[in-house]
Structures are given as C-alpha cells and as structure tokens.
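[1] Make a model of this:
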Amino acid sequence: SERKLNLQKELINIHQIACEFFNENLFSPKGTIALNYLMERGISKDTIKEFKIGYSPKEGHTLTKVLLAKGFSRETVEKTGLCLSSEKNVLFDRFRDRVMFPILNKYSKIVAFGGRAMKEGFGAKYLNSPETDVFKKGSIIFNLNNVRKHLRKDALIIVEGYMDVISLHNSSIKTSVAPLGTALTEKQLNLIWETCEEPVLFFDGDEAGLAATERVVELALPFLTHNRSLRIARPFENFDPDDMLRSEGRDAV
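    Okay, here's the model as predicted:
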C-alpha cells in the first residue's frame, strides 16, 4: 500500500541521516577511541569511507535528538529500531559507544546497522538493528550489493561476520559476504547462488566455526546441482579469516 511504501522511504531516509551522523562522530574528538580501534586493526581510511563506518556516541540520546529536530515523528523514529522508549517513556538511542557498520539492501540503501561495543561487558559485543519494515535479517547479506562488480576475477567468499568482510576488503579481497549474526538461511544461500554458482565457505577455524560450516553444508546438500555448489576453505585451527590475513598474508588466504 502507499502508506507502507511511504513509511519504508522514510525509514531509509532516516538510516541515511543516521549514517552521516555516525560518520561525523567517528571523525570528531568523541570518536577517537573508535577510530583508533579501526586503525589498530589496520583498516584504512578508504575502507572506512567505502563501508561508511561510523561511531555512536556514549550519551544515549544524541541521534534521537537529531532525528526529532529534523521533524520526523516519534512513532516513525521508533519504527527504525534505532531508538527505543524507556519505562518512563523517554526516547533514547539503541546504539551507544559502538563502532557502527551500515547494512545495505540489494539496492544499496541503508536499512539497518551493526554495532561493535568499544567496552567489554557493556551489553553484547555485537548488536544488530532489530527487524523492521525495511530489514529482514534472514534475507539480507552483508556486502552482497557490492561484490558483483568484483566477481569476474575472484570467487565469492562467505565469512561469518562483517568485520571479516571488512578486513578482507581492506587487504583487497573484495568478494566476501556475511550473514548478519545469525546462521545462514536458505533464502540467503539462494541469493548467494544467484550471484555466484560456486561460493567458498570460509568460516572461523574454531569449534563453533566448524559447527557453523557443517550446518551450511547440511542446508545446501538438498539443493546442489551442476550450477549450485559450494567449496570449503578452512583457516588454521582457532584462527579466523582476519587472523589468517595478519599472520599468513593475503596470498595465503
């Protein structure tokens, strides 16, 4: 319906504004620790720009204020999942003191965020947007909108998390994608196969990574045909793709 379409447009518009807000914060004095974290992980300014990485400040109501000041209704702001209502009915930011990674749909519009906590023990290490009118976790794959243009030379690589995608991209391996903090779904696998007939699974080299790899294999088996297949790459034991890059270098990966 038209109302639903208008709401979706508004939500996408708000996500774009939020992205610019987070990005400004990353490059402001407030974002110093977050920017240093990215630099320590070897992530270049170009990669930060390319992935539109940002930072959500500690205060807890800065984004909310920006959005309300721009004239968005409180109801719409809540529907983005970026702001929550407290018991006292005060609106506050879902993401606080986190490095922010925009999540784009297949039309390259921002529809959600993932945030990595800057402090241990302050909520979950990784926090994603909740499902909304524009974001369904099981049907969006991080970076899939970007990889098509790089697939002529390289295989599509499926990794576990967005940090892996960003590290690989930063080492000029630009064809990796990741599910969003949940197990890979049938729908996601089909979207990947539509893009590449024989993707490579490159999950972490620990027990959990092995178990996740086995789950994807079980999911894929009933659908395998001549043009839908899977290859599996394993990092060293207890290494993740990022560790492999650091210790063995791009060519080994």
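[2] now the stretch 101-250 of the chain, which segments are flagged as low pLDDT?
    Counting by pLDDT under 70, the stretch 101-250 of the chain contains low-confidence residues at 122.
[3] Do a quick rundown of the helices in it.
    Read by DSSP state H, counting those that start in this stretch, the stretch 101-250 of the chain holds these helices, from start to end of the chain: 144-147, 162-170, 186-195, 207-220, 241-248.
[4] helices or strands up against the fourth one?
    So the one you mean is helix 207-220. If contacts are counted by 3 or more CB pairs under 8 Å, 6 or more residues apart in numbering; DSSP states H and E, helix 207-220 sits against helix 186-195, strand 200-201. Where C-beta positions appear, they are placed from N, C-alpha and C, glycine not excepted.
[5] Please identify the deepest-packed of those.
    Each of the helices and strands packed on helix 207-220 was assessed for mean neighbour count using mean count of other CB atoms under 10 Å. The highest is strand 200-201, with a mean of 18.
[6] now for that one, which elements pack on it?
    Where contact means 3+ CB pairs under 8 Å, 6+ apart, strand 200-201 is packed against strand 157-158, helix 207-220, strand 231-232.
[7] can you do 7 Å?
    Contact analysis of strand 200-201 by 3 or more CB pairs under 7 Å, 6 or more residues apart in numbering; DSSP states H and E lists strand 157-158 as its packing neighbours.
[8] Work out the sheet partners of the strand it packs on and label each with its direction, please.
    The strands that strand 157-158 pairs with in its sheet are strand 176-177 (parallel), strand 200-201 (parallel) (by DSSP bridges).
[9] TSV for those, including distance to Glu40?
    Rendered in TSV, the data for the strands paired with strand 157-158 read as follows (distance: least, CB to CB, whole Å):
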stretch	distance to Glu40
strand 176-177	21
strand 200-201	28
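[10] To Met100, which of those strands lies closest?
    Nearest to Met100 among those is strand 176-177 (19.1 Å), distances taken as CB to CB.
[11] how distant is the closest one from the center of its chain?
    Strand 176-177 has its C-alpha centroid displaced from the chain centroid by 10 Å (CA atoms, centre = their mean, to the nearest Å).
[12] Likewise for stretch 210-229?
    23 Å.
[13] Kindly report the same for stretch 30-39.
    Going by CA atoms, centre = their mean, where stretch 30-39 is centred and where its chain is centred differ by 18 Å.
[14] and the gap between Leu245 and Pro179?
    Leu245 sits 20 Å away from Pro179, going by CB to CB, to the nearest Å.
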